[in-house]
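Colleague: here you go, sequence then predicted model.
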Amino acid sequence: MIGRPGGVMARGIAMGRPGPVRPAERSKNVRGTLRRLVARLRPERAWLAAAGLLGVTSVGFMVAGPKILGNATNILFDGIVGKRLPAGMTQAQAIALLRAHGEGQLASMLAGMSVTPGVGVDITRLGQVLGLAAVVYLLGAAFNFGQGYIMAGVTQRAMYGLRREVEDKLARLPLRYFDSHPHGDILSRVTNDIDNLTTTIQQGLSQLLTSVLTITGVLGMMFWISPLLAAVCVIVVPLALVITFVIARRSQVQFAAQWDETGALNGLVEETHTGHTLVQVFGRRQAVIDQFGRQNRRMYEASFRAQFLSGIIQPSIQVLSNLNYVVIAVMGGYWVASGRISLGDVIAFMQYSRQFTMPITQIAAQMNMLQSGLASAERVFEFLDAPQEQAERATTGWAPEAGRVTLEHVCFRYEPDKPLIEDFSLDVLPGQTVAIVGRTGAGKTTVVNLLMRFYEIGSGRIALDGTDYRDLTRDQVRRCFGMVLQDTWLFAGTIRENIRYGRQDATDEEVVAAARAARADYFIRTLPDGYDTLLDEEASNISSGQRQLLTIARAFLADPPILILDEATSNVDTRTEVLIQDAMAKLRHGRTSFVIAHRLSTIRNADTIVVMEDGRIVEQGDHDDLLRRRGAYYALYNSQFTEAPAEAA
């Protein structure tokens, strides 16, 4: 098949096509979206289990670190204070004496006591404890690195599958979907939203797993050291959860609006960029700038609300964390002074309190990413849930033989209440050239869209060599056709690659032969790099006529049994048109051809001319016969040589 459904063909569809609309407001289903995300990660459950095991190990080492450092603090404290303590006196006893008698009296009492010789900081033991702490933290970091590595692989494989599914969905969507959705919004869903979802899963899922494990481990250590202090810390959790969920519920709506506005903005940019020349010609530059400014403002407002609401979660949780830290410091200091707990345990507990509130703070900080990712996931899933083309009934081993095309009582409408094609019947014999003419909006290009099965007919039957084309796959149907359209489509690549798009296994010699047949070889060889000349996405480095010649060469190379020519020579000069018409006559020889033309002089030699009005065939015959009838074709033909009547003053 030559041409792309939903692209240039979509722009030429007859009247009745639904115009582009902005995405409709939809109900948010966070739980459903989460379930679908979890289902996509289910094939990776073995790797997720491995990541969880590494996470548990990493958190275990990290949680043990503060306790080990607390022991080091006790060694320092005991060593320094122990130089002035009698043998067997503990920290608590010394502090009790200090509180009861004051520092001066305590010094006098200690002076008369026997001091244990050699008591001081045990450097060897201190070094061992600090070395153990270093090893524990390094091992924790190593296991954390392994967890991150595995999660990166899990995320990328899951998103690879999602991208592949989205690409498959694009191929199965009917042309109607592309007609009713802005192209920029579709591109935003399949690129920006998937990228945003990838970042969310890779960073958010790993962070969530680590945070839950950290909270569990730290909470256990805190209850081991002091159940009362641990209970004080636990009070923060429900407060933090309430703040997080209340704000997150409101920000979710704003994130959905943000990504909808992003899609709309991308659609506007894509539209104005494609029509940049027309914008300049009609002096609409300022109007486009104003329209962009309004859409950009809507996106700014939605993004600001989403980011502001999600952004206040972390400061709120941080305030609770700081208050919790102050309470623990005051209570811990008091208990150290009263001898109920050692200084090292208090220091370790204060570190644990930070570790306990830190995951909550991190989850709060990730909420904007999580909410944004859920909004993107919902847009992607909405795209995947869009109605697709009807199921195919493949006929195995079928291949076109003669190229006969039959349309029997075909009816079609873009919208249920607006009929377009009504009771259309046409039998095209192998090798015949059929020209379809009519006023704008008569349904000419719609008939071509139905032949190519870009749309499904409402009723009737279309057959290829006697086989109902609904019994064939769409790929089988479209391989029968070669198309040369008025709107040329070339992709970024070399001229050779663009011509070879018609048949991927073609040799260089066949590419050159096709270019010669299309009268394109001469201008190609005048280019500095010849067939290896690079074209940009809009092929702006060659003229419109040269672009048309390349699409004709592509059709030559495809060598299909049926041709569709939609104003194929509209962009070439008169001299080139004569050459192209001669080449087209050779190309059409022995092939069934459908020609859509407004310049009726170009289809005088067609075997059959079909005149359409309002989706119906009103006349059918050859050129001379139709002129003799003096009917609709006669009026169309003579209108080319008659000046349009002047409007009344």
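Modeller: Arrived safely, thanks for sending.
Colleague: hmm, residue 133 and residue 61 touching each other?
Modeller: No: taking Cβ atoms under 8 Å as the definition, residue 61 is not a contact partner of residue 133, at 10.2 Å. All C-beta atoms are positioned from the backbone trio N, CA, C, and that covers glycine.
Colleague: quick one: common contacting residues for the two?
Modeller: Overlap between the contact sets of residue 61 and residue 133, as judged by Cβ atoms under 8 Å, 6 or more residues apart in numbering, is nil.
Colleague: and stretch 295-311, what's buried?
Modeller: Within stretch 295-311, the residues that qualify as buried by neighbour count (16 or more other Cβ atoms under 10 Å) are 295, 298-299, 302-303, 305-307, 309-311.
Colleague: what does stretch 424-432 give?
Modeller: Judged by neighbour count (16+ other Cβ under 10 Å), stretch 424-432 contains these buried residues: 424, 426, 428, 430-432.
Colleague: cool, stretch 163-181 as well?
Modeller: Of the residues in stretch 163-181, those scored as buried under the neighbour-count criterion (16+ other Cβ under 10 Å) are 163, 166, 169, 173-179, 181.
Colleague: centre of the chain versus it, how much separation?
Modeller: Relative to the centre of its chain, stretch 163-181 is centred 13 Å away, using Cα atoms, centre = their mean, to the nearest Å.
Colleague: just the CA coordinates for it, please, in CSV.
Modeller: Extracted as CSV, the C-alpha positions of stretch 163-181 are listed here (Å, rounded to 0.1, in the frame of the first residue of the first chain):
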residue,chain,number,x,y,z
ARG,A,163,4.9,0.9,23.9
ARG,A,164,4.6,-2.2,21.6
GLU,A,165,1.0,-2.5,22.6
VAL,A,166,0.3,1.1,21.9
GLU,A,167,2.0,0.8,18.5
ASP,A,168,-0.1,-2.2,17.7
LYS,A,169,-3.2,-0.3,18.8
LEU,A,170,-2.3,2.6,16.5
ALA,A,171,-2.4,0.1,13.6
ARG,A,172,-5.8,-1.3,14.6
LEU,A,173,-7.5,2.0,15.2
PRO,A,174,-10.0,3.0,12.6
LEU,A,175,-9.5,6.2,10.6
ARG,A,176,-12.5,7.6,12.4
TYR,A,177,-10.4,7.8,15.6
PHE,A,178,-7.7,9.9,14.0
ASP,A,179,-10.3,12.2,12.4
SER,A,180,-12.0,12.9,15.7
HIS,A,181,-8.8,13.3,17.9
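Colleague: quick one: mean pLDDT over that stretch.
Modeller: When the per-residue pLDDT values of stretch 163-181 are averaged, the result is 82.
Colleague: what's the answer for stretch 303-317, then?
Modeller: Stretch 303-317 shows a mean pLDDT of 74 in the predicted model.
Colleague: so which helix or strand takes in the closest residue in space to residue 312 that isn't next to it in sequence?
Modeller: Distances taken as Cβ to Cβ, 6 or more residues apart in numbering put residue 247 closest to residue 312, at 6.4 Å, once the chain neighbours are dropped. Residue 247 belongs to helix 236-274 when assigned by DSSP states H and E.
Colleague: same for that helix, what does it pack against?
Modeller: Secondary-structure packing of helix 236-274 (3 or more Cβ pairs under 8 Å, 6 or more residues apart in numbering; DSSP states H and E): helix 183-188, helix 285-311, helix 313-337, helix 343-384.
Colleague: figure out which of those helices is closest to residue 214.
Modeller: Between residue 214 and the helices and strands packed on helix 236-274, the tightest spacing by Cβ to Cβ is seen for helix 343-384, at 4.7 Å.
Colleague: run through who's touching the following helix or strand past that closest one.
Modeller: Counting by DSSP H and E, the element after helix 343-384 in chain order, helix or strand, is strand 405-412. Applying Cβ under 8 Å, 6+ apart, the contact partners of strand 405-412 are 419-428, 446-447, 450-451, 455, 457-464, 466, 562, 592, 594, 615.
Colleague: averaged pLDDT, strand 405-412. What do you get?
Modeller: For strand 405-412, mean pLDDT is 90.
Colleague: who's in contact with the next helix-or-strand element following that strand?
Modeller: Per DSSP H and E, strand 405-412 leads on to strand 421-428 as the next helix or strand towards the C-terminus. Counting by Cβ under 8 Å, 6+ apart, the neighbours of strand 421-428 from elsewhere in the structure are 404-413, 434, 443, 446-447, 450, 457, 460, 592, 594, 608, 610, 614-617, 620.
Colleague: give me the number of neighbouring residues for residue 585.
Modeller: By the other Cβ atoms under 10 Å criterion, the neighbourhood of residue 585 contains 12 residues.
Colleague: identify the residues contacting the residue nearest to it when sequence neighbours are not counted.
Modeller: Taking Cβ to Cβ, 6+ apart, and ignoring the residues beside it in sequence, residue 585 has residue 605 as its nearest neighbour in space, at 7.8 Å. Contacts for residue 605 were tallied using Cβ under 8 Å, 6+ apart; they are 433, 585, 623.
Colleague: how about residue 605, secondary structure?
Modeller: Reducing the assignment to helix, strand or coil with DSSP: H, G, I helix; E, B strand; the rest coil, the entry for residue 605 is coil.
Colleague: quick check: it vs residue 567, distance?
Modeller: Separation of residue 605 from residue 567 (Cβ to Cβ, to the nearest Å): 17 Å.
Colleague: for stretch 452-463, buried residues please.
Modeller: Result for stretch 452-463 [16+ other Cβ under 10 Å]: buried residues 452-455, 457, 460, 462-463.
Colleague: from those, which is closest to residue 522?
Modeller: Distances from residue 522 to those, taken by Cβ to Cβ, are shortest for residue 452, at 31.7 Å.
Colleague: what does the pLDDT read for that closest one?
Modeller: 86.
Colleague: residue 183 and residue 270 touch, don't they?
Modeller: Yes: counting by Cβ under 8 Å, residue 183 sits close enough to residue 270 to count as a contact (5.5 Å).
Colleague: skip the chain neighbours and tell me the closest residue to residue 463.
Modeller: Counting by Cβ to Cβ, 6+ apart, residue 463 lies nearest to residue 406, which is 4.3 Å off, once chain neighbours are set aside.
Colleague: and residue 429, by the same measure?
Modeller: residue 404 (6.0 Å).
Colleague: could you do residue 161 as well?
Modeller: For residue 161, the spatially nearest residue (Cβ to Cβ, 6+ apart) is residue 40, at 7.2 Å.
Colleague: rewinding a little: with secondary structure and distance to residue 512 added, can I get the buried residues of stretch 163-181 in CSV?
Modeller: Listed next are the buried residues of stretch 163-181 as CSV, based on DSSP: H, G, I helix; E, B strand; the rest coil; distance: Cβ to Cβ, whole Å:
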residue, secondary structure, distance to residue 512
163, helix, 37
166, helix, 38
169, helix, 38
173, coil, 37
174, coil, 38
175, helix, 34
176, helix, 40
177, helix, 39
178, helix, 35
179, helix, 38
181, coil, 40
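Colleague: surely residue 56 is in contact with residue 213?
Modeller: Yes: with contacts defined as Cβ under 8 Å, residue 56 counts as touching residue 213 at a distance of 5.8 Å.
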